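Trainee: Any chance you could fold what I've pasted below:
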Amino acid sequence: MEKKHTVMGNIWFLIRQSFLLDKGMLLAAAARVPIHILIPLLGSYLTKYMTSLIPGQTEEASLLWYILSYSGALLLLNLADNYVGAKLKYDAVFVRLGYLGRIADKNMDADYQNVEDPGGQLLAQKAKEAVYSDKSGAEQLFAQMVDILSSVLGLALYSVLLWEFMPWAVALLFVLGVADFLAGQLFSGWQYRNRSRWAEHDRHLGYLGSRAGDYRAAKDIRLFSLASWFHALYREFLDDRTYWYRKEEGKRLGVSLACLLLAFCRDVLAYGMLIWRLFGGQMEISDFIFYFTIITQYSVWIFTMMNSLVAMKASSYTAEDVRQFLEMEDLFNHGQGAPLPEGTCEIRFRHVGFRYPGAGQDTINDLDFTIKKGEKVAIVGANGAGKTTLVKLLCGLYAPTRGSILVDGTDIRDFNIDQYFGLYSVVFQDIYLCPTTIARNIALAQDLRIDRGRLDRALDLSGFGAKVESLPEKEDTLLLKGVQEKGIELSGGEKQKLALARALYKDGRIVVLDEPTAALDPIAESEIYRKYSELTAGRTSVFISHRLASTRFCDTILVLEEGRIAERGSHEQLMALDGKYAAMFRVQSRYYGQEGEAERI
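Mentor: I've put the predicted structure just below:
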């Protein structure tokens, strides 16, 4: 993916965000710059004076005074450097963790369609990898800034010291330093251009690794002998990832060897000239030692500055990955929205079409229908007909590719999407449980905010109350034994009952049930059907099921086929029509031993 921002724009983004997370970082960084310059400079002067103040020619008291003065100053500077460095490191870790928090928030707040899409998942993976390590630019930026500022000011000061004695050395060291920098630039640019190629492999390896150790997959792995398949697939992705790792390390080695060669040339020329002058009688031993340390530190300044500039550009790539994910454009309104409707809602699909990203054809085709206030609508059809996609469109999880969805006459994209979600009580086929108590899983709130009367009613209507009462801790029982030491696991049917209790507790004005009885036994399923009117009283409801016997409780039935409405009407009307719905109903009636009933209907 092409970059959207400039290098300096990304650096400024990191500085601004870091300042918002921890304002003390700038002060700590600014304080460390002069310390970094003074420590090596004082060390150079101390060495020079120690060799010039030869014992026997200088009083012992004076010599001791010089040693103690310089050493004391160096000690204080090093103590200050260690303290400020530790604070900067601590603050940097806090800032990096703050970025991880923001990425997690974006994952939870971004439009579902974006985070479900493979492109969105890749952006999330790259953003997380960009700040996951303590070597990332988000943590190292201020240390890099300190190194660059210290190096620039140190180079300016040391250039003044060297210019009068060895002006050519300044130019030589600078040119070789620039060559070192350019080599690093080539490598970091290659890394960024190719990072997305191995990020996908990392995501695959992470998924396989987590699933291989997931006890919920343990039964299938053993009973279906999946271990060899997992191993082969993991090896395939690992080989692909290793290819890129070797290629990256090969280029890194090449750049390192080039930099070492440049450093060797620099040292031979600079130190060779010093030695030549010393043995030629053109300088004193104290000056030789002084300029030797100055050239050494000058080389260090250049090396540090160039490497820090390369590292800062890499930090810019870090920021780019983070920004592309955090700035991923939403499809729905997350700001000020239209007022939500009050009371029971009317829903209108107006020529709605939807196509998944990268798909060759539409999943939903020109859907045009109205669900009246308080109406109970069933949506049926074969697998892949578009039923669940329709529900996701209705709930605001997907945005229509064409057309619009209106609730009480207002396009759902005009509502604040987070407020719009509040209209719905939904039971999906895949049920997410949190590693906390049953009560919190249903109310999705802290203990003090749970309405116990409302909770009891939801448990009773969903048929989950009997199970809860049988548990020693009742609704305070912890779930998910893989996370909680005293947690329990629920069966598929119990999970569906909990999900239904969660939807009832929320008490949304639009109820959406996507295969809510698929995992229930016939008795529990019959009980849900018997209570369906009570469950949806005073609400607009949408019911999706493969079991057509359940549709008789609904006012209107929509039969989907290839994303289109093939038939619509009540159960009686569709049976009289003797079309697709009637054919499916008779097949299911025979399957359940209800042929006589189907023929009577």
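Trainee: For Y432, give me phi and psi.
Mentor: phi -100, psi 130 (degrees, to the nearest 10).
Trainee: V427 now?
Mentor: Dihedral angles phi and psi of V427 (degrees, to the nearest 10) take the values phi -120, psi 110.
Trainee: List the residues that contact it.
Mentor: Residues near V427 by C-beta atoms under 8 Å, 6 or more residues apart in numbering: 496, 499-500, 502-503, 512-514, 516. C-beta: built from backbone N, CA, C; applies to glycine.
Trainee: now it: how far from W12?
Mentor: As defined by C-beta to C-beta, to the nearest Å, V427 lies at a distance of 47 Å from W12.
Trainee: sorry, back to before: any chance of a markdown table for the contacts of V427, columns neighbour count, secondary structure and distance to G335?
Mentor: Supplementary listing: the contacts of V427 in a markdown table, determined by neighbours: other C-beta atoms under 10 Å; DSSP: H, G, I helix; E, B strand; the rest coil; distance: C-beta to C-beta, whole Å:
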| residue | neighbour count | secondary structure | distance to G335 |
| --- | --- | --- | --- |
| Q496 | 27 | helix | 36 |
| A499 | 25 | helix | 31 |
| L500 | 28 | helix | 33 |
| R502 | 22 | helix | 28 |
| A503 | 23 | helix | 28 |
| V512 | 22 | strand | 25 |
| L513 | 26 | strand | 31 |
| D514 | 22 | strand | 29 |
| P516 | 27 | coil | 34 |
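Trainee: Closest to G72 out of these?
Mentor: Distance to G72 across the contacts of V427 (C-beta to C-beta) is lowest for R502, with 68.2 Å.
Trainee: Name the nearest residue to that closest one, ignoring sequence neighbours.
Mentor: Computed as C-beta to C-beta, 6 or more residues apart in numbering, the closest residue to R502 that is not its neighbour in sequence is I442, at 4.9 Å.
Trainee: tell me what the strand or helix carrying that neighbour is packed against?
Mentor: In this assignment (DSSP states H and E), I442 forms part of helix 438-443. For helix 438-443, the contact count by 3 or more C-beta pairs under 8 Å, 6 or more residues apart in numbering; DSSP states H and E identifies helix 452-462, helix 492-506 as packing neighbours.
Trainee: To A232, which of those helices lies closest?
Mentor: A232 sits nearest to helix 492-506 of all the helices and strands packed on helix 438-443, at 29.9 Å, using C-beta to C-beta.
Trainee: Measure how that closest one sits relative to helix 452-462, angle-wise.
Mentor: Between helix 492-506 and helix 452-462, the angle formed by their directions is 140 degrees, by axes from the mean of the first three to the mean of the last three C-alpha atoms, to 10 degrees.
Trainee: pull the CA atoms of helix 492-506 into CSV?
Mentor: As requested, the backbone C-alpha atoms of helix 492-506 are provided in CSV (Å, rounded to 0.1, in the frame of the first residue of the first chain):
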residue,chain,number,x,y,z
GLY,A,492,-24.3,-25.2,22.3
GLY,A,493,-27.9,-25.0,23.3
GLU,A,494,-27.1,-23.3,26.6
LYS,A,495,-25.0,-20.7,24.8
GLN,A,496,-28.0,-20.0,22.6
LYS,A,497,-30.2,-19.6,25.6
LEU,A,498,-27.7,-17.2,27.2
ALA,A,499,-27.5,-15.2,24.0
LEU,A,500,-31.3,-15.0,23.9
ALA,A,501,-31.3,-13.9,27.5
ARG,A,502,-28.7,-11.2,26.6
ALA,A,503,-31.0,-9.9,23.8
LEU,A,504,-34.0,-9.9,26.1
TYR,A,505,-32.1,-8.1,28.9
LYS,A,506,-31.0,-5.3,26.4
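Trainee: Quick one: residues contacting L479.
Mentor: L479 touches 433-438, 441, 487-490, counting by C-beta under 8 Å, 6+ apart.
Trainee: er, D321 I mean
Mentor: For D321, the residues meeting the contact criterion (C-beta under 8 Å, 6+ apart) are 123, 126-127, 129-130, 195.
Trainee: Next, check those against the helices and list the overlap.
Mentor: 123, 126-127, 129-130, 195 (DSSP state H).
Trainee: sec struct for L88, please.
Mentor: helix (DSSP: H, G, I helix; E, B strand; the rest coil).
Trainee: How many residues are close by the closest residue to it other than its chain neighbours?
Mentor: The spatial neighbour of L88 that comes closest, neighbours along the chain excluded (C-beta to C-beta, 6+ apart), is A28 at 4.6 Å. For A28, the neighbour count with other C-beta atoms under 10 Å is 21.
Trainee: same thing with the one 10 residues further on?
Mentor: By the other C-beta under 10 Å criterion, the neighbourhood of L38 contains 18 residues.
Trainee: With H546 instead?
Mentor: By the measure other C-beta under 10 Å, the count of residues near H546 is 15.
Trainee: SS state for it?
Mentor: When the structure is split into helix, strand and coil by three-state DSSP, H546 lands in coil.
Trainee: In contact with it, which residues?
Mentor: Contact analysis of H546 by C-beta under 8 Å, 6+ apart lists 380, 515, 518.
Trainee: ok, and the most crowded of those?
Mentor: V380 (26 neighbours).
Trainee: who touches stretch 80-97?
Mentor: Contact partners of stretch 80-97, identified using C-beta under 8 Å, 6+ apart, comprise 17-18, 21-22, 24-25, 28-29, 31-32, 35-36, 39, 131, 134, 136, 138-143, 146.
Trainee: how distant is it from the center of its chain?
Mentor: 24 Å (C-alpha atoms, centre = their mean, to the nearest Å).
Trainee: Give me the buried positions along that stretch.
Mentor: Neighbour counts using 16 or more other C-beta atoms under 10 Å place 80-81, 84-85, 87-89, 91-92, 95-96 of stretch 80-97 among the buried residues.
Trainee: got it, and stretch 189-197?
Mentor: Counting neighbours by 16+ other C-beta under 10 Å, one finds that the buried residues in stretch 189-197 are 192, 195.
Trainee: send the alpha carbons of it over as CSV?
Mentor: Listed in CSV are the C-alpha atoms of stretch 189-197, where the atom choice follows Å, rounded to 0.1, in the frame of the first residue of the first chain:
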residue,chain,number,x,y,z
GLY,A,189,13.1,1.6,2.4
TRP,A,190,13.2,-2.0,1.1
GLN,A,191,11.9,-3.1,4.5
TYR,A,192,8.9,-0.9,4.4
ARG,A,193,8.0,-1.7,0.7
ASN,A,194,8.0,-5.4,1.5
ARG,A,195,6.6,-5.5,5.0
SER,A,196,3.0,-6.3,3.9
ARG,A,197,4.4,-9.4,2.1
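Trainee: average pLDDT across it?
Mentor: On average, the pLDDT along stretch 189-197 is 76.
Trainee: out of the helices and strands packed on helix 438-443, deepest packed?
Mentor: For the helices and strands packed on helix 438-443, the stretch with the most neighbours on average is helix 492-506, a mean of 23; neighbours defined as mean count of other C-beta atoms under 10 Å.
Trainee: Could you point out which residue ranges in this structure have low pLDDT?
Mentor: Low-confidence segments of the chain, defined by pLDDT under 70, span residues 1-3, 49-63, 164, 213-216, 218-220, 222-224, 445-448, 519-521, 591-601.
Trainee: now the strands: where do they sit in it?
Mentor: Read by DSSP state E, the chain holds these strands, from start to end of the chain: 347-354, 364-371, 376-381, 402-407, 410-411, 424-427, 510-514, 540-544, 556-561, 564-569.
Trainee: and the longest helix for the chain?
Mentor: When secondary structure is assigned using DSSP H, the longest helix within the chain turns out to be helix 227-279.
Trainee: and that one, what other elements does it pack with?
Mentor: helix 167-212, helix 285-326.
Trainee: Of those helices, which is nearest T477?
Mentor: helix 167-212 (26.0 Å).
Trainee: quick one, that closest one and helix 227-279 angle?
Mentor: If you take the same axes, to 10 degrees, helix 167-212 sits at 170 degrees to helix 227-279.
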